[in-house]
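[1] how would this look folded up:
(one chain, ligands or ions: 1)
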Amino acid sequence: MFWQKLVIVLLIFFSILLYRTYVVFKPDKDIFKPCSSSIDNHSLNFDHQRLKTFQTLLQFQTISYDEHNQNFDEIKKCRDFIRKHYHGLTKEYSKFVQVHSIAEYSLLYSIQGKNSKLKPFLLSAHMDVVPAGNLEHWKYPPFDGYSDEEFVYARGTLDDKGNLFTMMEAVKEYLNVYGQPSRTFYVALTHNEEVSLSGAAGIAHYLSKQPFGHNGQFEFILDEGTIILEDAFPTLKNPLAMIGVAEKGCVTIEYRIDIAPGHSSMPSAPTAIGILARGVDKLESTPQPSQFGRGPEMGVFLGVTPYLSFPLRLAMSNMWLFSPVIQWVLSRKPATDAMQRTTTAVTHISGGEKDNILPTSASATVNHRLHPADSCQKILKFNRQTINDDRLVAHVKQCDEPSPISPHGKNIHSYRILEQTIRQTFIQDSEPIIVVPALMLGGTDSKSYTNLTKNIYRFSPFIYRHEDLSRLHGDNERIKHTDMQRGLNFYFHLILNNQLEHIPDTTLRSEI
Ligand SMILES: [Zn+2]
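    Residues are numbered from 1 along each chain as shown. The predicted model follows:
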């Protein structure tokens, strides 16, 4: 009797697993249909002339070291080059195209649409770059813009001059082909995204004062962000486009201890340095709790599940059972672990003055990147319990809460247009592209734009493999010629598709 019951229970159990795997999470073939709302087949080429202009942009050493230390001469030259190169836009289309200088070095292009009832949108990119690091690690000098048959190598190719250039070229092409658009849009080119947000904050302030007649609200904002991964999951053959619908926050905390001085010949252990070191060790060895399933990272897992192979597909279709296993797998790699929790990095430590004097104080700085389900207060509380030593006093140096999660899904017009434009411009010979909402791990200018709209998306239309991720802010940053070509067509069709007031119903029914 017992065995009979057990067999029945097991049968029901496995039926539930298989039902979820093959029925609830079945692939939706319709999602691979190309964008049917597009109103043309225009195509742009990353030709020799565009390559040369892009190389010139890369040769400006627009380095941001810190907030007060930027290579302003080069940033100014870069800004002047952009203004000059796109001078034709403001000259030829002066009735509806203008350029504004903001925070001295940032630029804002405004392209006035014919229909003032349509909400405007904003495209954003930045012209500054992080330092190149150790030059000996670079295959080609980081500011030459060297190009071979396949790649262009330089600091800033991926972050963020590739976006900046393809965006501006698409605007130029759009105006040359279609003239004045229906919908007003703006292009923000900031100069200090890597170290400060005063360029973006200035642009946000300027735009919030404009009389749009829609409570100052934008249809959407698109900034640099999450990318297209080619080998995103084991057994997944499709490239995976991730639209960042939220970005992590950042809290920097200094832990400090002050105690009475003493001579090193009669030490009373532990010293200030010893106490601090123990606290730091506890923080490093106790990860913040996993927030798996409580943020937009879940969109990635739900989106790819139907396209994985057994048994991974079975596990991902049944998170109610396998969630702890998936969390463990994610925790094995820093890049995937960062998706599910707030990260902890001890970035600075100091203490002691002389070889024979006991230190009276010691301090360490800890930088956390906040998952959207966490907050600065929550992290402070968790750390206090982890350290469990009142002698270490916390001082919050900086607190940027995680961004709100932008609306996404089939009922959000701007998200759907973005999603369709990605599919439209990334039709490949091999496997079709999957588009999912995701969490952006780094910070962007878009933090400054939250007063303009709820619909903030972060996406860079370039294909990466896992090994390319380390090139961002790392050595040998490079971009493929084919990615530049896709970038041109992505931005062109994004502008074009956003001239539609509504997505045609036929498209709505045939897609996700
Ligand atoms: Zn960037």
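[2] which element is residue 369 on?
    If you go by DSSP states H and E, residue 369 is part of strand 361-370.
[3] so after that strand, what's the next helix or strand?
    helix 376-387.
[4] For that following helix, name the packing helices and strands.
    Contact analysis of helix 376-387 by 3 or more CB pairs under 8 Å, 6 or more residues apart in numbering; DSSP states H and E lists strand 249-258, helix 272-285, strand 361-370, strand 393-400 as its packing neighbours. Every C-beta, even on glycine, is put in place using the N, C-alpha and C of the backbone.
[5] hang on, the earlier thing: can you give me the mean pLDDT across the strand holding residue 369?
    What strand 361-370 shows for mean pLDDT is 96.
[6] Pairing partners for that strand, with directions?
    Strand pairing for strand 361-370, determined by DSSP bridges: strand 249-258 (antiparallel), strand 343-351 (antiparallel).
[7] So what's the model's average confidence on the first one?
    Just to be clear, that refers to strand 249-258. Here strand 249-258 scores 95 as its mean pLDDT.
[8] Just list whatever residues bridge to the residue of the stretch 1-150 of the chain found nearest the ion.
    The nearest approach of the stretch 1-150 of the chain to the ion comes at residue 126, 5.6 Å away (CB to the ion). Beta bridges link residue 126 to residue 190, judged by DSSP bridges.
[9] That one: what's it in contact with?
    160, 164, 189, 190, 191, 192, 193, 194, 199, 224, 445 (CB atoms under 8 Å, 6 or more residues apart in numbering).
[10] ok, the residue nearest to the spatial centre of the chain to residue 183 distance?
    The structure's the chain has its C-alpha centroid closest to residue 225; by CA atoms, centre = their mean the separation is 2.8 Å. Distance, residue 225 to residue 183, using CB to CB, to the nearest Å: 22 Å.
[11] So which of the helices and strands packed on helix 376-387 is nearest residue 477?
    Minimum separation from residue 477 across the helices and strands packed on helix 376-387 (CB to CB) falls at strand 361-370, 21.4 Å.
[12] Just the CA atoms of the closest one, as PDB, please.
    C-alpha atoms of strand 361-370 as PDB (Å, rounded to 0.1, in the frame of the first residue of the first chain):
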ATOM      1  CA  SER A 361      42.800  54.900  14.600                       C
ATOM      2  CA  ALA A 362      42.200  52.800  11.500                       C
ATOM      3  CA  SER A 363      39.600  53.000   8.800                       C
ATOM      4  CA  ALA A 364      38.400  51.000   5.800                       C
ATOM      5  CA  THR A 365      36.100  51.900   3.000                       C
ATOM      6  CA  VAL A 366      33.500  49.500   1.700                       C
ATOM      7  CA  ASN A 367      31.600  49.900  -1.500                       C
ATOM      8  CA  HIS A 368      28.300  48.100  -2.000                       C
ATOM      9  CA  ARG A 369      26.300  47.900  -5.300                       C
ATOM     10  CA  LEU A 370      22.700  47.700  -4.200                       C
END
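[13] can you offset everything so residue one is 885?
    Renumbered: residue one is now 885, and that last one reads strand 1245-1254.
[14] For it, what is the distance to the chain centroid?
    Taking CA atoms, centre = their mean, to the nearest Å, one finds the center of strand 1245-1254 at 24 Å from the center of the full chain.
[15] If you compare the directions of that strand and strand 1277-1284, what angle comes out?
    30 degrees (axes from the mean of the first three to the mean of the last three CA atoms, to 10 degrees).
[16] angle of strand 1245-1254 against helix 1156-1169?
    Using the same axes, to 10 degrees: strand 1245-1254 against helix 1156-1169 is 10 degrees.
[17] got the angle between strand 1245-1254 and helix 1260-1271?
    Using the same axes, to 10 degrees, strand 1245-1254 lies at 130 degrees relative to helix 1260-1271.
[18] quick one: terminal-to-terminal distance for stretch 1221-1239?
    End-to-end span of stretch 1221-1239 (CA to CA, to the nearest Å): 40 Å.
[19] actually stretch 1333-1346, not the one I typed
    With CA to CA applied, stretch 1333-1346 spans 23 Å between its terminal residues.
[20] likewise stretch 1015-1023?
    16 Å.
[21] Likewise for stretch 1331-1339?
    This stretch, stretch 1331-1339, spans 12 Å end to end (CA to CA).
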